[in-house]
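> Okay, here's the prediction I keep looking at, along with the sequence it came from:
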Amino acid sequence: MPKIFIHADDFGDTINISKCICKCFKEGSLNSTSIIVNSPYFEESIELIKDESIRRVLHLNIVEGKAVTNKNFNLLTDRNHHFYKSWQRLVFEYYCLFNKEKKAKIKDEIKEEYKNQILLYCLKMQTKEICIDSHQHTHEIPFITDILIELIEEMDIDILNIRVTKEKFFWAVGSFGDLKNYLGINFFVHFLLNFLSNKMIKKFDKANIKYNDAFIGVLFSGDMTQKAIQKALKKVKNAKIIEILLHPGHLSDEEKTAFKNDQFKRFYTSGNRKREMRVLLCDKKIEK
């Protein structure tokens, strides 16, 4: 039987997001979550799962919130130490500007921030055994993958698993709403991440780094349904470790008013997040 992790990203981003994820763990199918450590709600949030058996994963983050590194970054953050570059911009600046000095600086800043997020996670979770993924899958950008491998070789940590988002194509159209996943950005991201995952797998195999051998959650990202999950699971019957990604955490009404980041607010207030929460809390549990 495969080991299936039914997983939620963004734990710790806000208190209500964390509470939604806890509810899906205690009352639903969820058994795994990714924790953001550079959030002001990180320590308060981890108290909610301190004595629980849910699998915990470090959600490396260099695109949202404030850096944990106590210094000025020239390229990664603004003057208030907040990240402001999307993964698309990071890719463009590193691969398209052809400035060797700037490229080296970007790598140095990401490496230092990644290292400090790993150290903070290990300190607060009181462990050196760690699973890793990242916000917006930035660790799959090839030069950032290289940074992560360097850190693993240099640091005194035991990597249990790093997320690989290689997802087999499946067809799960039950409504016009489902069809848009095959006609929009999710379809493009699905193939892009599969391409990057193949490159990352070669590097991980060479470095003896463990990773999941099946993933579900890109093609229907932000719009996961029971039908999509069951269709996708049929494509990965022989996999040993399967990760199924959902985003059930959403902002409370009070948080909607206080949340300042318009770029991410649209995602955290999406009605689809509440729908994914209902999928996890459904009486018909996701088959494990």
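Noted; the coordinates are in hand.

> I'd say Thr269 and Leu251 touch.
Yes - judged on CB atoms under 8 Å, Thr269 makes contact with Leu251 at a distance of 5.5 Å. The C-beta positions use only the backbone N, C-alpha and C, and glycine is treated the same way.

> more crowded one of these two?
Ranked by neighbour count (other CB atoms under 10 Å), Thr269 and Leu251 place Leu251 first, with 23 against 15.

> measure the nearest residue to the more buried one once chain neighbours are set aside to Lys124 for me?
Leaving out its chain neighbours, the residue that sits closest to Leu251 by CB to CB, 6 or more residues apart in numbering is Tyr268, at 4.8 Å. For Tyr268, the distance to Lys124 equals 23 Å [CB to CB, to the nearest Å].

> The two: who's more crowded?
Comparing Tyr268 with Lys124 by other CB under 10 Å, the one with more neighbours is Tyr268, at 20 against 13.

> residue contacts, the more buried one?
When contacts are counted by CB atoms under 8 Å, 6 or more residues apart in numbering, Tyr268 touches Asp10, Asp13, Thr14, Ile17, Gly249, His250, Leu251, Phe259.

> Inside helices: which ones of the residues you listed?
The helices, defined by DSSP state H, take in Ile17 from the contacts of Tyr268.

> among the contacts of Tyr268, who's most crowded?
Among the contacts of Tyr268, Asp13 has the most neighbours (other CB under 10 Å), with 30 neighbours.

> Phi and psi next, for that residue.
In terms of degrees, to the nearest 10, the main-chain angles of Asp13 are phi -60, psi -50.

> then the helix or strand where Lys180 lies to PDB, C-alphas only?
Counting by DSSP states H and E, the element that carries Lys180 is helix 176-183. Taking Å, rounded to 0.1, in the frame of the first residue of the first chain, the C-alpha atoms of helix 176-183 are listed here in PDB:
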ATOM      1  CA  PHE A 176     -17.800  23.700 -17.000                       C
ATOM      2  CA  GLY A 177     -15.900  24.900 -13.900                       C
ATOM      3  CA  ASP A 178     -13.600  21.800 -14.100                       C
ATOM      4  CA  LEU A 179     -12.900  22.500 -17.700                       C
ATOM      5  CA  LYS A 180     -11.200  25.800 -17.000                       C
ATOM      6  CA  ASN A 181      -8.400  23.900 -15.300                       C
ATOM      7  CA  TYR A 182      -7.500  22.500 -18.700                       C
ATOM      8  CA  LEU A 183      -7.900  25.800 -20.600                       C
END
